[in-house]
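In: Predicted coordinates and the sequence they were generated for:
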Amino acid sequence: MTAAAALLLADLTGVAIFAASGASAAVVKRLDLFGVVFVGFVAALGGGIFRDLVIGAGPPLAFADWRYAVTATVTAAAVFWLHPQLARLRTTVLVLDAAGLGLFTVTGTLTALDTGLPPVGACMIGMLTGIGGGLGRDLLTGEIPVVLRREIYAVAALAGAVAVVGLHRVDLAGPGPLMAAALFVFALRLVALRRRWSAPVPADRPASATESAAPAARDPGRRSGPGGRAADGTGQPADQGR
């Protein structure tokens with residue numbers, strides 16, 4: 001198998017996986033057939049479209065090569081019809097998304113390197129190619145994008161892109177090493193989910209005395225009454241007549 005054929009196969013596999021991931025998320029949200037197919041299409045091809053526009057590769061492959069659109073559409077439609085047989089859709093979405101993240105990160109980085117981009121630019125393109133589909137899927141289904149949450153997602157893609165650049169620099173950019181890089185991203189993402197690894201977030205700001213007293217100030221009618229019981233605004237015990 002030539003390098004071009006291997007890259008095309010990996011690209012189409014990533015399209016199918018991300019289409020299944022997007023369609024599964026849309027099924028969970030109870031979208032109709034068109035909605036499921038559309039979300040699957042965006043999840044599968046959004047990252048590749050971004051990549052091709054940034055590197056100036058002419059019309060994006062999603063529109064120039066019919067195999068990409070057909071693969072995404074058929075896969076998403078299949079998930080719509082077969083979803084009753086897919087147990088635990090939540091887990092399915094996460095596993096498929098991790099697999100697509102790995103494949104798209106590798107193909108995006110390699111495509112950027114082949115166009116002559118320097119290593120840093122290729123790593124950025126690879127990362128954005130990997131996370132672009134998931135970003136579009138989450139926005140369309142009304143979720144906070146995974147890349148903006150504490151989970152290790154974009155970091156996994158960036159690590160995979162760096163690995164691809166390193167393999168390319170030492171002339172090991174064959175199908176085997178590249179598949180190993182994709183598996184590295186896949187495993188890193190799943191381990192991060194399993195062990196609940198996360199990026200740092202800002203520490204909570206300590207509540208001031210004014211903020212602590214705010215609930216009482218907003219409800220002046222509820223205050224201490226006779227005998228320490230809560231009283232209403234008339235001064236009568238709150239539990240009188242009960």
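Out: Sure, I can see it. From a predicted model like this one, the values you see are computed outputs, not experimental measurements. Numbers count the residues shown, from 1 in each chain.

In: was I right about T71 contacting F18?
Out: No - judged on CB atoms under 8 Å, T71 makes no contact with F18 at a distance of 10.2 Å. Glycine gets a C-beta too; all of them are placed from N, C-alpha and C.

In: which neighbours do the two share?
Out: Listed as contacting both T71 and F18 by CB atoms under 8 Å, 6 or more residues apart in numbering are A44.

In: the more surrounded of these two?
Out: F18 (35 against 20; other CB atoms under 10 Å).

In: ok, that one - contacts?
Out: G40, A43, A44, G47, A72, L96, D97, G100, F104, G133, G134, R137.

In: can you do 6 Å?
Out: Neighbour list for F18: A43, A44, G100, G133 [criterion: CB atoms under 6 Å, 6 or more residues apart in numbering].

In: how far away is G121 from A10?
Out: Per CB to CB, to the nearest Å, G121 is found 21 Å from A10.

In: Is A180 part of a helix or strand, or is it coil?
Out: helix (DSSP: H, G, I helix; E, B strand; the rest coil).

In: What about it, how many residues nearby?
Out: A180: 14 neighbours (other CB under 10 Å).

In: ok, now the one 10 residues further on?
Out: Each residue near L190 was counted by other CB under 10 Å, and the total is 16.

In: Would you verify that it is located in a helix?
Out: Yes - read with three-state DSSP, L190 is one of the residues of a helix.

In: List the residues that contact the residue nearest to it when sequence neighbours are not counted.
Out: Leaving aside its sequence neighbours, L190 sits nearest to A98 (CB to CB, 6 or more residues apart in numbering; 5.3 Å). Taking CB under 6 Å, 6+ apart, we find A98 in contact with F186, R189, L190.

In: Make JSON lines from the residues you listed and add pLDDT to it.
Out: As requested, the contacts of A98 are exported to JSON lines (pLDDT from 0 to 100):
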{"residue": "F186", "pLDDT": "94"}
{"residue": "R189", "pLDDT": "91"}
{"residue": "L190", "pLDDT": "92"}
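
In: Show me which of these is closest to L158.
Out: Relative to L158, the closest of these is R189; by CB to CB it sits at 11.9 Å.

In: What separation do you get for that closest one and R90?
Out: 15 Å.

In: would you turn the contacts of A98 into TSV with distance to A161?
Out: Shown next, in TSV, are those (distance: CB to CB, whole Å):
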residue	distance to A161
F186	14
R189	14
L190	18
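
In: So G121 and A10 - more neighbours on which side?
Out: A10 (20 against 15).

In: Give me the contact list for stretch 77-97.
Out: Residues contacting stretch 77-97 (CB under 6 Å, 6+ apart): I17, A20, S21, A23, S24, A25, V27, V28, L33, V36, V37, G134.

In: circling back to that earlier point, right, and out of the contacts of A98, which lies closest to V201?
Out: Of the contacts of A98, the one sitting nearest to V201 (CB to CB) turns out to be R189, at 18.9 Å.

In: Quick check: that closest one touching A156?
Out: Yes - assessed by CB atoms under 6 Å, R189 is found in contact with A156 at 4.6 Å.

In: What number of residues are in the vicinity of the spatially closest residue to A99 that is not a sequence neighbour?
Out: Setting aside the residues directly before and after it, A99 is nearest to I17 in space (CB to CB, 6+ apart), at 4.9 Å. Neighbours of I17 under the rule other CB under 10 Å: 24.
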